[in-house]
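Participant: Dropping a prediction and its sequence here:
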Amino acid sequence: MTHTFGVDLRGVIDLLSHHLYRSPRVYLRELLQNSVDATTARAELGHAFTPSVHVEPAVDGGVLRITDNGIGLTAEEVHSLLATLGRTSKRDELGFVRTGLLGQFGVGLLSCFMVARRIRVVSRSARGGEQVVWTAEASGDYRVETVAEPTIGIGTVLELEPAPDAAHWLDGHLVRALAREFGELLPVPVTVAGAPGDGRISRPELPWVPMPGETATEHRERLLDYCGQTLGFTPFDVLPLDVPAAGLTGAAFVLPAGTHPGVRQAHRVYLRRMLVGDGVEGLLPEWAYFVRCVVNTTALRPTASREALYEDETLLAVREALGRQLRDWVIRLGATEPARAGALLSAHQLGIKAMALTDDDLLRLVERWLPFETTEGVVSLRQFRRKYGTVLFTPDVDEFRQLAAVAEAQGLGLVNAGYAYDTDLMRRLVQTEGSAAARRVLPSELLASLGAPDPEVEQELLAAVERADAVLARHDCEPVLCDFDPISLPALLITDPELSREADTEQLRAEADPLWADLLGQLSGTASGATHRLVLNCRNPLVRRIGTVGPDLARLAIESLYVHALLQSRRPLRPKDTAALNRSFLDLLDRAVHSDN
């Protein structure tokens, strides 16, 4: 047998009115939406009339009333539309949203039950028929009456009686604020009793559309003021947005200072000039986290709560189109106002870098203007390449800081590519300009560039170095004698990345269960040799004196130099490294105290 689903009407009303929407405040948006749609539908019939919507807030706990001169409802439509969840006159026979109408889901009126215990609708249809009165209770019950002698003109009067503890949602101050927020850009005249002047809170023009006779400078200044009033900041710049295929127009406001890329995008979006929300996400690509938009669209789809945008192919196309417009603006800025382009890149490095990974024009802009930390100071890649040609870089911040002083002393230029996207940008340079553009420099290459020590000095230190072998072996390290600048640096710790990875894998393999140990063994080779090299600077006076002291003090001094170099490299200390740090410090302190005595 075939059965029909049963519906608990009270439960559905509670679910939709209390859990579909984030806040009771949206009830007024839904009522304005219905009233505006009613005037649009009447205009489609060809009637000659002046559309209007009027809101009367509640007074002293009374009823809130909204009046429109729209198409109205017949008795049959009241039963079919108002009393049937999910049914709406705002879709065509195939189920598509009718052009020009704001609503589409047939559940908006239920939001009123978040603030009202009773809804009363008095309506007179433009198609003719008797005046109809529909009264619904929050319990799910409703009744319909017809009135032979009409008391209203063509249109609808909706009244809300406040629910317990919800009367404040219908009061004048809050209603006027909500009506202005949601309906500010509606093309239909919307008035609210008690509002300043003639009470109109809607305006026919969009704020980002130039006014007649307005100069470009005046238009820009007006948008800057609009951003301050609406979004709360004075933007770095403002640029127009236009995606005709989606009926989208608006403005993008660039944040004046850097912000964290993890901060959610919050855009102000209007759908057919009714506010969807001021915290709508997903309108721009993720890399455009430094831009806030205010837009109006006719083609994007809202979710059922009308507080977010539906993720579909149209939204994806809009996101891509807006991303292209932002990218083109950055390129133009670099060509016409290089100083401002440099300021933009400095403030919003991560977003611009992310764009440059897939865009050659932006890559050239980044190369020209974006500052990088180098051995020449903070300079652009283009400045650096003028002197050195090939960009030698390290993919790790600590590695750069360890090697920078030595590389600079040897006349080698080095770039710190350890921050987000930097190493990927270097690879992009290689892809676009060839292998000579950039190259990752290995610490072992720097070691090969260091000079050999004087034979006499080397001979003096050989005995101490041999003693150091046993000391450093505990730390997977071996000593190397070199002659290099700066003379003030006694030792440099260089790590072989490949051997270090192999050693880490071997350690994990030893600690893992048999299954994982076999798997790790198949994925890795066998580490051979020390993973670290302690490069002792034979030009440094302290290192020179190690060859003249006794064996015990020499071993202690070399272990101390190892710990010092490890701390300078900013690598994490292993337990045995921490033990060596404590031991060498206390032993040296003990020797110093005894020597004074």
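Facilitator: Right, received. Where do you want to start? Numbering: from 1, shown residues only.

Participant: Helices along the stretch 401-550 of the chain, start to end?
Facilitator: 422-433, 443-449, 455-473, 497-511, 514-523, 541-546 (DSSP state H, counting those that start in this stretch).

Participant: who touches the second one?
Facilitator: When you say that, I think you mean helix 443-449. With contacts defined as CB atoms under 8 Å, 6 or more residues apart in numbering, helix 443-449 is touched by 399, 403, 406-407, 410, 412, 480, 482, 494-497, 533, 535. (Each C-beta comes from the backbone N, C-alpha and C, glycine too.)

Participant: Then stretch 369-379?
Facilitator: With CB under 8 Å, 6+ apart, stretch 369-379 has contacts from 334, 338, 341-342, 345-346, 349, 352-353, 380-381, 383-384, 387, 400, 404, 407-408, 412-417, 422.

Participant: what residues are up against the residue lying closest to A463 once chain neighbours are set aside?
Facilitator: Nearest residue to A463 in three dimensions, chain neighbours excluded: G547, at 6.8 Å (CB to CB, 6 or more residues apart in numbering). When contacts are counted by CB under 8 Å, 6+ apart, G547 touches 460-461, 463-464, 554.

Participant: same deal with L425?
Facilitator: By CB under 8 Å, 6+ apart, the contact list for L425 reads 353, 356-357, 363, 366, 417.

Participant: picking that back up, are any of the contacts of G547 buried, and which?
Facilitator: The neighbour-count criterion (16 or more other CB atoms under 10 Å) marks 460-461, 464, 554 among the contacts of G547 as buried.

Participant: Rebuild those as a markdown table, extending it with pLDDT and distance to F233.
Facilitator: Below are the buried ones among the contacts of G547 laid out as a markdown table (pLDDT from 0 to 100; distance: CB to CB, whole Å):
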| residue | pLDDT | distance to F233 |
| --- | --- | --- |
| E460 | 79 | 66 |
| L461 | 82 | 62 |
| A464 | 75 | 63 |
| A554 | 82 | 63 |
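
Participant: wait, which of the residues you listed is closest to L206?
Facilitator: L461 (78.9 Å; CB to CB).

Participant: these two touch, right, that closest one and L536?
Facilitator: Yes: when contacts are counted by CB atoms under 8 Å, L461 is listed as touching L536 (7.3 Å).

Participant: Tabulate the contacts of L425 in TSV, adding columns for neighbour count.
Facilitator: Formatted as TSV, the contacts of L425 follow (neighbours: other CB atoms under 10 Å):
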residue	neighbour count
K353	22
A356	25
L357	15
L363	21
V366	27
A417	25
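
Participant: Can you pull the phi/psi pair for V157?
Facilitator: The phi and psi values for V157, taken as degrees, to the nearest 10, are phi -120, psi 120.

Participant: And it, how close does it get to E130?
Facilitator: Per CB to CB, to the nearest Å, V157 is found 15 Å from E130.

Participant: Who has more neighbours out of the two?
Facilitator: Neighbours were counted for V157 and for E130 using other CB atoms under 10 Å; V157 has more, 19 against 15.

Participant: from memory the more buried one sits against L64, does it?
Facilitator: No: the pair V157 / L64 is not scored as a contact, 11.2 Å apart, by CB under 8 Å.

Participant: low-confidence ranges in the stretch 201-350 of the chain?
Facilitator: 260-262, 304-306 (pLDDT under 70).

Participant: just the helices in it please.
Facilitator: 216-230, 313-336, 338-347, 349-356.

Participant: Comparing those helices, which comes out most buried?
Facilitator: helix 349-356 (a mean of 22; mean count of other CB atoms under 10 Å).

Participant: So which residues make contact with that one?
Facilitator: 258, 261, 286-290, 327, 330, 344-345, 362-363, 365-366, 370, 420-422, 425, 428.

Participant: hmm, try it at 10 Å
Facilitator: For helix 349-356, contacts defined as CB atoms under 10 Å, 6 or more residues apart in numbering pick out 255, 258-261, 285-291, 323, 326-327, 330, 341, 344-346, 359, 361-367, 369-371, 419-422, 424-425, 428.

Participant: Can you give me the pLDDT of A527?
Facilitator: A527 is assigned 46 on the pLDDT scale.

Participant: ok, the nearest residue to L322 once chain neighbours are set aside - how many residues close by?
Facilitator: With sequence-adjacent residues excluded and distances taken as CB to CB, 6+ apart, L322 is closest to L284, at 5.6 Å. By the criterion of other CB under 10 Å, L284 has 22 neighbours.

Participant: quick one: L284 and V318 touch, right?
Facilitator: Yes: assessed by CB atoms under 10 Å, L284 is found in contact with V318 at 9.3 Å.

Participant: Overlap in contacts, these two.
Facilitator: Common neighbours of L284 and V318 (CB under 10 Å, 6+ apart) are L241.

Participant: My guess is H79 contacts T146. True?
Facilitator: No: look at H79 against T146 with CB under 10 Å: they stay out of range, at 11.6 Å.

Participant: More neighbours: which of these two?
Facilitator: Set H79 next to T146 and count neighbours by other CB under 10 Å: H79 wins out with 15 against 12.

Participant: Provide a list of residues in contact with that one.
Facilitator: 73, 132, 134, 142, 144.

Participant: Export those to CSV and append columns for secondary structure.
Facilitator: What follows is those, written out as CSV (DSSP: H, G, I helix; E, B strand; the rest coil):
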residue, secondary structure
L73, coil
V132, strand
W134, strand
Y142, strand
V144, strand
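
Participant: Out of the residues you listed, which is nearest to L109?
Facilitator: W134 (10.1 Å).

Participant: Now do the contacts for that closest one.
Facilitator: Here W134 is in contact with 73, 75, 77-79, 81-83, 119-123, 142-145, 156, 158 (criterion: CB under 10 Å, 6+ apart).

Participant: Apart from its neighbours in sequence, what residue is nearest L31?
Facilitator: Using CB to CB, 6+ apart, the nearest residue to L31 is I66, at 5.2 Å.

Participant: Please, which helix or strand holds that neighbour?
Facilitator: Using DSSP states H and E, I66 maps to strand 64-68.

Participant: by contact count, what packs against that strand?
Facilitator: For strand 64-68, the contact count by 3 or more CB pairs under 10 Å, 6 or more residues apart in numbering; DSSP states H and E identifies helix 26-44, strand 53-56, strand 116-124, strand 155-162, helix 172-183, strand 190-192 as packing neighbours.

Participant: Would you tell me what the next helix or strand after it is?
Facilitator: Assigned by DSSP H and E, the successor of strand 64-68 is helix 75-77.

Participant: Could I get the contacts of L425 in a markdown table, plus columns for pLDDT?
Facilitator: Listed next are the contacts of L425 as a markdown table, based on pLDDT from 0 to 100:
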| residue | pLDDT |
| --- | --- |
| K353 | 87 |
| A356 | 87 |
| L357 | 89 |
| L363 | 88 |
| V366 | 87 |
| A417 | 93 |
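
Participant: who are the neighbours in contact with the closest residue to L275 other than its chain neighbours?
Facilitator: Closest residue to L275 apart from its sequence neighbours, by CB to CB, 6+ apart: F182 at 4.8 Å. By CB under 10 Å, 6+ apart, the residues touching F182 are 25-26, 28-33, 190, 201-202, 270, 274-277.

Participant: Could you report the neighbour count for A437?
Facilitator: Neighbours of A437 (other CB under 10 Å): 19.

Participant: just checking, it touches V391?
Facilitator: Yes: contact status for A437 versus V391: in contact at 6.6 Å, counting by CB under 10 Å.

Participant: which neighbours do these two share?
Facilitator: With CB under 10 Å, 6+ apart as the test, A437 and V391 both reach 367, 381, 385, 426, 429-430.

Participant: just to revisit the earlier point, neighbour-wise, which one of the contacts of H79 leads?
Facilitator: Within those, L73 tops the neighbour count with 27 neighbours, counted by other CB under 10 Å.
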